[in-house]
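> Just to be clear, the model below is a prediction. Sequence and coordinates:
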2 protein chains.
Amino acid sequence: MSGSRVMLKRLASTVTIKPTPSKAHHHGPLPSSSFPSGYLLTGLHAGVKKVAGVPDLGVIVSTSEHPTAAAACFTRNAFKAAPVLVSEEILKDNRGRARAIVVNSGCANAVTGRQGMDDAWAMVKETDALLPPSMHKFKHETLVMSTGVIGQNLPISKIVTGIRSQAPNLSAETRTLDTDFSAWERAAKAFMTTDTFPKLRSRVFTINGVEYRMAGMDKGAGMIHPDMGPAGTSFPAVKQLHATLLGCILTDAAVSPRSLQTALTYAVDRSFNSISVDGDMSTNDTIVVLANGAAASTDGAQVKEIDEETDKAGYEIFKQELTDFAIDLAKLVVRDGEGATKFVTVTVKGAPTYKDAHAIASRISTSALVKTALYGEDANWGRILAATGSVPLTPSTPTSTPPIIDPSKVNVTFVPSDGTSSLPVLINGEPEKVDEVRAKEILSLEDFEIVVELGLSGDGEARYWTCDFSYEYVRINGDYRS
Amino acid sequence: MSGSRVMLKRLASTVTIKPTPSKAHHHGPLPSSSFPSGYLLTGLHAGVKKVAGVPDLGVIVSTSEHPTAAAACFTRNAFKAAPVLVSEEILKDNRGRARAIVVNSGCANAVTGRQGMDDAWAMVKETDALLPPSMHKFKHETLVMSTGVIGQNLPISKIVTGIRSQAPNLSAETRTLDTDFSAWERAAKAFMTTDTFPKLRSRVFTINGVEYRMAGMDKGAGMIHPDMGPAGTSFPAVKQLHATLLGCILTDAAVSPRSLQTALTYAVDRSFNSISVDGDMSTNDTIVVLANGAAASTDGAQVKEIDEETDKAGYEIFKQELTDFAIDLAKLVVRDGEGATKFVTVTVKGAPTYKDAHAIASRISTSALVKTALYGEDANWGRILAATGSVPLTPSTPTSTPPIIDPSKVNVTFVPSDGTSSLPVLINGEPEKVDEVRAKEILSLEDFEIVVELGLSGDGEARYWTCDFSYEYVRINGDYRS
């Protein structure tokens, strides 16, 4: 939607790119007591990245004496990268069990043909070899993840050397690492690509009187609009789908493999599948959860696993803890999106279904016009409405006509994050006389929320997290390989 | 998908925005003999836009003694602007007849409540009043279009004054205007917003030995990703939908109202609904066609209308001429997209259906990562593949599993527009050793084509036209209202 600024358009000009605000304060030391028991982990420079000393290889091992459950959600992209295909296969063969994770950054090992598959398997086998014989229950115990440029082969001999070098660090003698912040931080750094800070969080929770811990790390920055499902799933019947997002969540709770996957799928839909940096879906998106039972109570030698059928109440608490934690990790990815200067929550209410609300929130969150307006700190609700109206709603039955939005029932409100009053910009389809000074105040905040109330019958409500679209984004991605 | 350029990211810096290449050569005089007979038209400055003398109001009148058929495709956005709703109603009431068009730029009259509807009707009535009584067959004879900022009311008294001022220009005494290039050009200019040149084309064609003419004008620039259908249609069952695009096509052929609409719907799907500047769908998109029969042969006093049932062969020729002409007009919009420095054709072949091919071509054409790579002149086929793979294909029946892309059958090729040889970058899923110098040569052209061959069974093939994503786009849209 355009004005009459024709004269200005074709002139050469110089633009000073605002320094994107530092995000460094989103990372800091975490208490050792908040990290889960029974994990050893490390991060190192193996040589995938060119800059010496920058971590590009991470290894995580569950040393729990109990079986370790593993669950994962993988990208639904048709061009799944080699590490995705390999991890899917291992998880399936092991029926939801694995105790190690190996990750590299700097090269995605995607669209790399047979060599790529061989390389992913080599990473798995080398990491398997770090485990003492007592921990080998399956042919392979390691899940693999990669992130970086598409279409280039891994420098596999460097990676293999890097993995082998960690044998002493992962031996029984060095188990103090498992509650050491610096080890967790090194591992988190090994995930990073254009990320500006390592993304690491931890939390403590209680189920049935037992205290557990959960810690996780992830990375994002660009190609972030995940749509992930359990291994082997194809696209669900939704209208709009679109990271490399990599992450892992490690807990010392004991959860049955089946329930761990169910809880993760639920959590991912409401967290990682509800964020967008640029609307582009990656070939590598992977979130892995390990639950090693190291803090679980036992019944004789047998650990008691949380399960949705045998302990519904316990499971529901775990699922909610996992979801909240996944949301925390997902938000960090948006906050550190490529070129991002804003962190914006988009809430859609009053839709016929959650799916419709989610589709509209996704559409607003990916609109180039909305995102450039956010960068410009412009309360341009017209663009928000145009994006909202461009999403077809789902008919309640395949043969019925889809619900129709009645513009005279729609509200749009800007909600600041600083606790000051909200600013309605559209009430019942009628534009408010907007106080531009107040609008500017809200939009100059780093964090704020856009609430769209559709006023349709139904209580479909969804939340999405997005960032703005800046000169910096174009710079990062316009000369990426040069 | 990211690299390890972390250190560079948060620094303030100055970027010189390349002057986007001048598009002025895409507009020039057209021979008077190529304009259709029986139309009077004008463009003037009414005062919607602030800059004096810039046209912002256009009036087009068919003066043919025969009935004039009218057809249109309107945005499927839920927040249809007042002029869209009013034009839909008139077209429906008149069963596909109308003889005048009034258009303003500078203000979209969208989300303007009751006042907006009153204003749109006022534009219609004032234009109706320009017509001599002999031309009034219906209550209203005028279709209305608006483009510009959303949520602001029209300066309706200025517009009414502007329309009334044209009474002398549209009287029978001044009929020489109808083949005058300058009148057509003034009208085309009245459509413009951030467009940098007026978009006006004409062509001559022959059906059944009779020579006809067709001329048309359109505008675009931003919020361009139309999905338009006939009046009153809701969303079709497609997966991805996302301008203000305004345009009109005027012909002196005689076409029955029904067949005019059928031909237009077909043409719009393959032209305006296959272009994207920024992936955002407008509340105002409208394409109108008038067929006034001024050059048609007559049977007594009765004009012989082209109709798909009574003259299938004639109709097919008309439909193809209209489609090709609509493609020409649609391409002009992409070429003049906000901040665009490239004009890129995206062709997808070997899909199960046209719909699947169209959805994938659309997804590639709207990917921020693909578009920034195009701006950076980077043959980043990895981003093209990731976008391709993010589109779920349609199952052949509602209960069957959707087709799956086999990466080992996929080819990606860059085709230059200068007639030199193509550059395959991916053959059968294996990356080619790309000659980066040659790749840069192709990508530095203003025009080139990306061909994606999926290798699936089926002959679904679709073509989309898109542009790149530049600093200039962010500048235009990041400080739009300030």
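That came through fine. Residues are numbered from 1 along each chain as shown, chains lettered A, B, ... in the order given.

> In space, what's closest to the residue in the stretch 1-150 of chain A that chain B sits nearest to - neighbours in sequence excluded?
Closest residue of the stretch 1-150 of chain A to chain B, C-beta to the nearest C-beta: residue A:150 (2.8 Å). In short, each C-beta sits where N, CA and C put it, glycine included. Closest residue to residue A:150 apart from its sequence neighbours, by C-beta to C-beta, 6 or more residues apart in numbering or on different chains: residue B:382 at 2.8 Å.

> Double-check that that neighbour belongs to a helix.
Yes: looking at residue B:382 with DSSP: H, G, I helix; E, B strand; the rest coil, it is inside a helix.

> hmm, back to that, my read is that the residue of the stretch 1-150 of chain A closest to chain B contacts residue B:383, right?
Yes: using C-beta atoms under 8 Å, residue A:150 is in contact with residue B:383, at 7.5 Å.

> Output the set of residues of the stretch 301-450 of chain A in proximity to chain B.
A:338, A:366-369, A:372-373, A:375-376, A:378, A:380-383, A:385-392, A:398, A:401-402, A:404-405, A:407-408, A:426, A:429-431 (C-beta under 8 Å from any C-beta of the partner chain).

> Filter the residues you listed down to the ones in strands?
A:426, A:430-431 (DSSP state E).

> Dump those to JSON lines, plus distance to residue B:62 and neighbour count.
As requested, those are exported to JSON lines (distance: C-beta to C-beta, whole Å; neighbours: other C-beta atoms under 10 Å in any protein chain shown):
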{"residue": "A:426", "distance to residue B:62": "38", "neighbour count": "22"}
{"residue": "A:430", "distance to residue B:62": "37", "neighbour count": "16"}
{"residue": "A:431", "distance to residue B:62": "36", "neighbour count": "19"}
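
> List the buried residues for the helix ranked longest in chain A?
If you go by DSSP state H, chain A has its longest helix at helix A:312-335. Neighbour-count burial for helix A:312-335, with 16 or more other C-beta atoms under 10 Å in any protein chain shown as criterion, is recorded at A:314-315, A:317-319, A:321-323, A:325-335.

> Now the helix or strand where residue A:413 lies - C-alpha only, CSV.
Secondary-structure assignment from DSSP states H and E places residue A:413 in strand A:411-416. Provided in CSV are the C-alpha atoms of strand A:411-416 (Å, rounded to 0.1, in the frame of the first residue of the first chain):
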residue,chain,number,x,y,z
ASN,A,411,-10.1,-5.1,17.3
VAL,A,412,-6.4,-4.4,17.1
THR,A,413,-4.4,-3.3,20.1
PHE,A,414,-0.7,-2.6,20.8
VAL,A,415,0.4,-3.7,24.3
PRO,A,416,3.6,-2.4,25.7
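
> what about it, average pLDDT?
For strand A:411-416, mean pLDDT rounds to 95.

> Tell me where chain A has helices.
For chain A, the helices defined by DSSP H cover A:82-93, A:113-128, A:156-164, A:181-190, A:257-269, A:312-335, A:354-366, A:368-375, A:381-389, A:436-443, A:471-478.

> where among those is the average confidence lowest?
helix A:471-478 (a mean of 80).

> now for that helix, which elements pack on it?
Contact partners of helix A:471-478 among helices and strands, from 3 or more C-beta pairs under 8 Å, 6 or more residues apart in numbering or on different chains; DSSP states H and E: strand A:13-17, strand B:13-17, helix B:368-375, helix B:471-478.

> what does the stretch 51-200 of chain A put close to chain B?
Counting by C-beta under 8 Å from any C-beta, the residues of the stretch 51-200 of chain A near chain B are A:51, A:54, A:56, A:76-80, A:105-106, A:108, A:110-113, A:147-151, A:192-196.

> Try it again at 6 Å.
The stretch 51-200 of chain A comes close to chain B at residues A:77-79, A:106, A:111, A:113, A:150-151, A:193-194, A:196, as judged by C-beta under 6 Å from any C-beta of the partner chain.

> Looking at the residues you listed, which are in strands?
Reading strands off those with DSSP E, I get residue A:106.

> Quick check: the residue of the stretch 251-400 of chain A nearest chain B.
Per C-beta to the nearest C-beta, residue A:382 is where the stretch 251-400 of chain A lies closest to chain B, at 2.8 Å.

> so what secondary structure elements neighbour the strand holding residue A:413?
If you count contacts as 3 or more C-beta pairs under 6 Å, 6 or more residues apart in numbering or on different chains; DSSP states H and E, strand A:411-416 packs onto strand A:423-427, strand A:447-453.

> can I get those in a markdown table with mean pLDDT?
Conversion of the helices and strands packed on strand A:411-416 to a markdown table gives the following (pLDDT from 0 to 100):
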| stretch | mean pLDDT |
| --- | --- |
| strand A:423-427 | 92 |
| strand A:447-453 | 96 |
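
> Relative to residue B:99, which of these is closest?
Proximity to residue B:99 (C-beta to C-beta) singles out strand A:423-427 among the helices and strands packed on strand A:411-416, at 36.6 Å.

> Now the closest one: buried residues?
A:423, A:425-426.

> now do stretch A:99-117
Neighbour-count burial for stretch A:99-117, with 16+ other C-beta under 10 Å as criterion, is recorded at A:99-113, A:116-117.

> which regions of the stretch 101-250 of chain A lie under the pLDDT threshold?
A:171-179, A:224-226, A:232-243 (pLDDT under 70).

> Contacts for stretch A:140-148, please.
A:83, A:86-87, A:90, A:98-109, A:120, A:123-124, A:127-128, A:131, A:193, A:244, A:246, A:284, A:286, A:288 (C-beta atoms under 6 Å, 6 or more residues apart in numbering or on different chains).

> typo on my end, stretch A:115-134
Outside stretch A:115-134, the residues that touch it by C-beta under 6 Å, 6+ apart are A:82-83, A:86, A:100, A:102, A:109, A:140-142, A:144, A:153-154, A:156, A:160, A:163, A:167, A:170.

> Now that stretch: buried residues?
Those would be A:116-117, A:119-124, A:126-128, A:130-131, for stretch A:115-134 by 16+ other C-beta under 10 Å.

> now stretch A:449-469
Those would be A:449-456, A:458, A:460-469, for stretch A:449-469 by 16+ other C-beta under 10 Å.

> Can you pick out the most distant pair from the residues of the stretch 51-200 of chain A next to chain B?
A:113 and A:196 (32.8 Å).

> Report the distance from stretch A:187-206 to the chain centre.
11 Å (C-alpha atoms, centre = their mean, to the nearest Å).

> Next: stretch A:263-280.
Here the centre of stretch A:263-280 is set off from its chain's centre by 6 Å, with C-alpha atoms, centre = their mean.

> Contacts made by that stretch with the rest, please.
A:71, A:73, A:223-228, A:230, A:242, A:245, A:287, A:289, A:319, A:322-323, A:326-327, A:330, A:333-334, A:337, A:365-366, A:464-467, B:367-369.
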